[in-house]
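> dropping the sequence and predicted coords here.
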Amino acid sequence: MALNGLRQGDAAQAEQCFVRLLEQQPDDAEALQFVASRHLVRGDASRALVMLSAAVKAHPDHPDLLHQLGVVQTVAGDLAGAASSLRRCVDIAPNMFVARLRLGITLEQLGDMHRALLAYFGAVNAAQAEGRWMSDATTAPGLRQSVQHAMRFIDAGRRRTFDAVLEPLRERHGRSELARVEDCLAVYLGERQAQMPDPRQRPKFLYFPGVPSQPYYGRERFPWQAELEEATEVIREELLSVLAENQPLLPFLGEQSAEELKGHLRSSGTQQAGWDAYFFYRHGDRFDEHHRRCPRTSAVLEHVPLVRIRDHAPETLFSVLRPGTHILPHRGVTNTRLVTHLPLIVPPDCAINVGGELHEWQEGRCVSFDDTFEHEAWNRSDRTRVVVILDSWNPDLTEVERVAVTELVEAIGDFNRASEVAVPMG
């Protein structure tokens, strides 16, 4: 009967049915929620509050009840209680972006501007991940003003947050030394359009302007590569031991189903496509056991000027590409660092294509490229191909710029994690 009333648009009939249901089942969540909403419509926030408090006590992990309780607490003037209820709601149901938005509003009213900023940023990103709040057309009319306010709040708050990271460097080195970093931040924040000189280049995360735009970088830019190449035989010997002893390898792309991998890998033969890794570092995390297992490789890699950014870099590994595997075209996250391959085992018919320019690996000879250009790689042979992959700074960044990018990327990561937003990894 209650549902019939709702379907027919008769809220009064539905309320009467839910009231009778509560006489028999006083903890029914749907009935409590609906009757409380009717009390609120009539301006009786106190009765709505009593009902929802009882409902949450009976159903402490029900996100919709917590959300509605937070709304009623706000109307009743209990902002601290509302913030607590809404926080519990989004902890249980992270994708409830309207609850996140209301949490931001409540925290702003409480004067907790930083946590309000995080809540607003999380709300907008969660909504836009589902195609909502991209424009007025994708935003409910009743929320448009609040969403627009949240976006203005985010723009100003993120600018303040990241300005504070760069200010000590400005004072120490002068603004002129950081001019390109300032441009980089403005592009990241959406304050300025990226003017990339080569249309093939599209970083997924952070574009650093003012440096040459090219798929490959000459070996003369990396004096340290000579030492790496000289160690090829030593490194290959340890690699062969790892493979012979069936040391555990990890899928480079993480655990994914065959269906999920279709957009990343393809097999050109009868075997299933496979791209595996024996990591020495992954997103900055050190694989100590692998360093111990391959001490000479570890010593060489630790002597290379790797990018070191907390939670992001370095990234160094044996990259194991199985027979017949094609890594489909993709792009990297930032041109502030480049990718270097030291080929160890290269059967015939193996190559990499960066920005439409083909390169065939040669064992013991490094190749460095900007992976923000679309690139792909393949092994069309019937044997396994292995290269060392490592990341190093783009040599066209100054030392001051490298420090600034490091601090900026770490701050962006901290901010995104605090607002429960995924950040692209290198």
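Yep, that arrived.
> distance from the chain centre to stretch 360-375, please.
Taking Cα atoms, centre = their mean, to the nearest Å, one finds stretch 360-375 lying 25 Å from the centre of the chain it belongs to.
> with stretch 260-280 instead?
For stretch 260-280, the distance to the chain centre is 22 Å (Cα atoms, centre = their mean).
> what sits up against that stretch?
239, 242, 247, 249-253, 256, 258, 286-287, 290-291, 294, 297-298, 301, 316-328, 330, 378, 380, 382 (Cβ atoms under 8 Å, 6 or more residues apart in numbering). To be clear about C-beta, it is placed using only N, CA and C from the backbone, and glycine gets the same treatment.
> from those residues, which land in strands?
250-251, 286, 316-321, 325-328, 330, 378 (DSSP state E).
> any chance of a PyMOL selection covering the buried ones in the residues you listed?
Selection of buried members from the ones in strands among the contacts of stretch 260-280 for PyMOL, criterion 16 or more other Cβ atoms under 10 Å:
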select buried, resi 316+317+318+319+320+321+325+326+327+378
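> any idea which of the ones in strands among the contacts of stretch 260-280 is least confident?
Lowest pLDDT of those: Pro251, 92.
> name the nearest residue to that residue, sequence neighbours excluded.
Asp276 (6.0 Å; Cβ to Cβ, 6 or more residues apart in numbering).
> what do you get for Val367?
Nearest one to Val367, counting by Cβ to Cβ, 6+ apart, is His341 at 5.2 Å.
> and the pLDDT at that neighbour?
His341 carries a pLDDT value of 98.
> so which elements touch the host helix or strand of it?
When secondary structure is defined by DSSP states H and E, His341 falls within strand 337-345. Other elements packing on strand 337-345 under the criterion 3 or more Cβ pairs under 8 Å, 6 or more residues apart in numbering; DSSP states H and E are helix 225-230, helix 232-244, strand 367-369, strand 385-393.
> change it to 6 Å
strand 367-369, strand 385-393 (3 or more Cβ pairs under 6 Å, 6 or more residues apart in numbering; DSSP states H and E).
> ok, Ala150 to Pro323 distance?
For Ala150, the distance to Pro323 (Cβ to Cβ, to the nearest Å) stands at 51 Å.
> same check on His290?
24 Å.
> one more: Glu260?
21 Å.
> one more: Asp78?
65 Å.
> give me every residue that touches Ser381.
Neighbouring residues of Ser381 by Cβ atoms under 6 Å, 6 or more residues apart in numbering: Pro347, Pro348, Asp349.
> buried among those? Make that a ChimeraX selection.
In ChimeraX, a selection of the buried entries from the contacts of Ser381 looks like this (16+ other Cβ under 10 Å):
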select :347
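> go through the contacts of Ser381 and name the one nearest Gly364.
Closest to Gly364 out of these is Pro347 (14.9 Å), distances taken as Cβ to Cβ.
> which secondary structure state is assigned to that closest one?
The three-state label given to Pro347 by DSSP: H, G, I helix; E, B strand; the rest coil is coil.
> so who does it touch?
Contacts of Pro347 by Cβ under 6 Å, 6+ apart are Ser381, Arg383, Arg385.
> tell me the spacing between the closest residue to it other than its chain neighbours and Cys350.
Distances taken as Cβ to Cβ, 6+ apart put Ser381 closest to Pro347, at 3.7 Å, once the chain neighbours are dropped. When distance is defined by Cβ to Cβ, Ser381 is 6 Å away from Cys350.
> how about Tyr216?
Taking Cβ to Cβ, one finds Tyr216 at 17 Å from Cys350.
> who's more crowded, those two?
Set Tyr216 next to Cys350 and count neighbours by other Cβ atoms under 10 Å: Cys350 wins out with 22 against 16.
> hang on, that one packs against Arg385?
Yes. Counting by Cβ atoms under 6 Å, Arg385 is a contact partner of Cys350 at 4.8 Å.
> can you list residues touching both of these two?
Common neighbours of Cys350 and Arg385, counting by Cβ under 6 Å, 6+ apart, are Asn379.
> so Glu182: helix, strand or coil?
Relying on three-state DSSP, one would call Glu182 helix.
> repeat that for Glu191.
coil.
> which ones are touching it?
For Glu191, the contact set (Cβ under 6 Å, 6+ apart) is empty.
> for it, grab phi and psi.
Dihedral pair for Glu191: phi -80, psi -20, per degrees, to the nearest 10.
> show the pLDDT at it.
Glu191 carries a pLDDT value of 96.
> ok, it to Arg175 distance?
Taking Cβ to Cβ, one finds Glu191 at 17 Å from Arg175.
> check Asp371 too.
Applying Cβ to Cβ to Asp371 and Arg175 gives a distance of 30 Å.
> for the two, indicate the residue with more neighbours.
A count of neighbours by other Cβ under 10 Å puts Asp371 above the other of Asp371 and Arg175, at 22 against 12.
> quick one: classify that one as helix, strand or coil.
Per three-state DSSP, Asp371 ends up coil.
> that one touches Thr340, doesn't it?
No. With contact defined as Cβ under 6 Å, Asp371 and Thr340 do not form a contacting pair (10.5 Å).
> Glu177: neighbour count?
Glu177 has 16 nearby residues by other Cβ under 10 Å.
> with Gln272 instead?
Counted with other Cβ under 10 Å, Gln272 comes out at 12.
> so where do the helices sit in the stretch 151-300 of the chain?
Using DSSP state H, counting those that start in this stretch, the helices of the stretch 151-300 of the chain run over 179-188, 225-230, 232-244, 258-261, 288-293, 295-303.
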